[in-house]
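Participant: Build the 3D model from these lines:
(4 chains)
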Protein chains: 2
Amino acid sequence: MNIKIEKEMDVISNPKKGSEEIIISKIRELIVSKQLEPGDKLPAERILAEKLGVSRNQLRQAIQRLEFYGLVKKYPQSGTRVSNIGVTALNGMMTDILQLQEPDFKSLVETRLILETNAVRLAATRRSDEHLRQIQAAHEAYSEKAINGLNAVEEDLMFHLKLSEASGNSVINSLMLVITPEIITRFVANKVCNKDENHLLIKEHQSIIDAIIDKDPDRAVAKLEEHFKDLYKFCYD
Amino acid sequence: MNIKIEKEMDVISNPKKGSEEIIISKIRELIVSKQLEPGDKLPAERILAEKLGVSRNQLRQAIQRLEFYGLVKKYPQSGTRVSNIGVTALNGMMTDILQLQEPDFKSLVETRLILETNAVRLAATRRSDEHLRQIQAAHEAYSEKAINGLNAVEEDLMFHLKLSEASGNSVINSLMLVITPEIITRFVANKVCNKDENHLLIKEHQSIIDAIIDKDPDRAVAKLEEHFKDLYKFCYD
DNA sequence: TGATTTTAACTGGTTGACCAATCTGGTTAA
DNA sequence: TTAACCAGATTGGTCAACCAGTTAAAATCA
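Facilitator: So this is what the prediction gives:
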């Protein structure tokens, strides 16, 4: 459809994102100065925007971010409420949000290891037959490409996502979804593929599946860690 | 400032959120039908909106969600690109996103246990002096209220967030921030407070801190699990 | 007086027009 | 031939006016 981009584009560090953070910071000040209390309704968007000296759109975007973190909840046609979790908590969490940094790759991988290890442990005890079926299907899609020495990073990814789905924990699954694309895009570039290594990886996948079929959490985790030994090396050497 | 809400408002299951998901679904179809390929620039918002038969705002909101999951990246005044992670991955992840359900409380707590356990393990080896100072400060703020039998749920929360900050893993910290408010709001209602129990909790906090000071990961985790024994019971009985 | 209906103001959401940055292709000058 | 440049078209971002649902005070009636 269009020309493919070859090299990673320079990551622009959102120079205008700053206004959003300034607004959050101002809302935090309203809270600590008791002009706004937990459980209160926020002033109407138009009014608050004028009070803070920003446009309504900018304010809405900031509120959207606060809502994502659960610090505020919108009620359409009615108002927006500050979560009733106390001044200390609100102040602390807003401060933390403002300090959030771009995730470094090592943290991403480390977190994936943690989440997926626990997901697999849970999957080994909770998996339904439908989960198993989907895992198997994903594994077959992977094998088909990998066995021919093709790059199967995507199919590998899908296999692992199906594992975390089988954990039966919707939050873990959701968090995996958030961090996976970032990991993939950084991995896909450097990925080398040779048939021999792929055969080994297929075997490792199958070992994990077998452990889940047998409902053996410890073995499933052990096999996963074996499968991830390179990632562990990347994180901890 | 305003009247406090006493009882939980009925959770409205976002009846209009549907349009967003329909749009994502349509974009996914464009991708699987090869009309749109990984790495491509999306058609301009106005054009795509018309093509999909939706308003530009609705489309923008859907794109924003895709961007959150890293499946798309916007370049201001230039265009929006589909992440270059393959058709299979894009299709699979969009399907997963559309299937995401509201998190159940048990999954939230279970995930918190997993994240925080690992955060503390990391904190025990990586913590800086500044981290320690902040943890201590948060603990003192907690103690001061708890020792008088006051409700100190917020201060407790802040203490635990400082623990995960000390992990040195920005992703874990960020994920903890996302799930914590939801947990708090559901916990804060049922929380009972008595001095004796609070004294015990203070001691438990101090044990965790001591282990982190000593850079003893295993002890830190053990003390945390002891501290969380009620939560474990909640999850697994 | 009290319950019920009406109504007007107020809310977040939506819309279409406008803005400034950027990309594109052809043109010009070295 | 090549590099610099300029103008117009295209982009996502922004804004102010408008919409539909909600709310609560005011008006009405039994």
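Participant: What are the buried residues along the top helix by length along chain A?
Facilitator: With secondary structure taken from DSSP state H, chain A has its longest helix at helix A:105-126. Within helix A:105-126, the residues that qualify as buried by neighbour count (16 or more other C-beta atoms under 10 Å in any protein chain shown) are A:107-124. Yep, even glycine has a C-beta here, placed from its N, CA and C like the rest.
Participant: is it anywhere near chain B?
Facilitator: Yes - counting by C-beta under 8 Å from any C-beta of the partner chain, chain B has neighbours in helix A:105-126: A:107, A:108, A:110, A:111, A:114, A:115, A:118, A:122.
Participant: which residue does chain A bring closest to DNA strand C?
Facilitator: Of all residues in chain A, residue A:44 sits closest to DNA strand C, at 3.2 Å by C-beta to the nearest atom of the strand.
Participant: Return the distance of the helix or strand hosting residue A:230 from the chain's centre.
Facilitator: Under the criterion of DSSP states H and E, residue A:230 resides in helix A:229-236. Mean-position distance between helix A:229-236 and its chain equals 20 Å (C-alpha atoms, centre = their mean, to the nearest Å).
Participant: re earlier: now the two most distant members of the residues of helix A:105-126 next to chain B.
Facilitator: The span of the residues of helix A:105-126 next to chain B, defined through C-beta to C-beta, is set by A:107 and A:122 at 22.5 Å.
Participant: quick check: mean pLDDT across the longest helix of chain A?
Facilitator: Confidence for helix A:105-126, expressed as mean pLDDT, is 96.
Participant: And stretch A:29-41, by the same measure?
Facilitator: What stretch A:29-41 shows for mean pLDDT is 93.
Participant: and what of stretch A:92-99?
Facilitator: Stretch A:92-99 shows an average pLDDT of 92 in the prediction.
Participant: Work out the gap between that stretch and the centre of the chain.
Facilitator: 19 Å.
Participant: Output that stretch in CSV with nothing but the alpha carbons.
Facilitator: Backbone C-alpha positions of stretch A:92-99 (Å, rounded to 0.1, in the frame of the first residue of the first chain) are rendered in CSV as follows:
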residue,chain,number,x,y,z
GLY,A,92,0.8,10.1,45.9
MET,A,93,-0.5,8.4,42.8
MET,A,94,-0.7,11.6,40.8
THR,A,95,2.9,12.3,41.8
ASP,A,96,3.9,8.9,40.7
ILE,A,97,2.0,9.2,37.4
LEU,A,98,3.9,12.4,36.6
GLN,A,99,7.2,10.8,37.3
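Participant: now what about it, what contacts it?
Facilitator: Stretch A:92-99 has contacts (C-beta atoms under 8 Å, 6 or more residues apart in numbering or on different chains) with A:21, A:24-25, A:27-28, A:31, A:65-66, A:69, A:71, B:154, B:157-158, B:161, B:165, B:173, B:177, B:180-181.
Participant: Would you agree residue A:73 falls within a strand?
Facilitator: Yes - under DSSP: H, G, I helix; E, B strand; the rest coil, residue A:73 sits within a strand.
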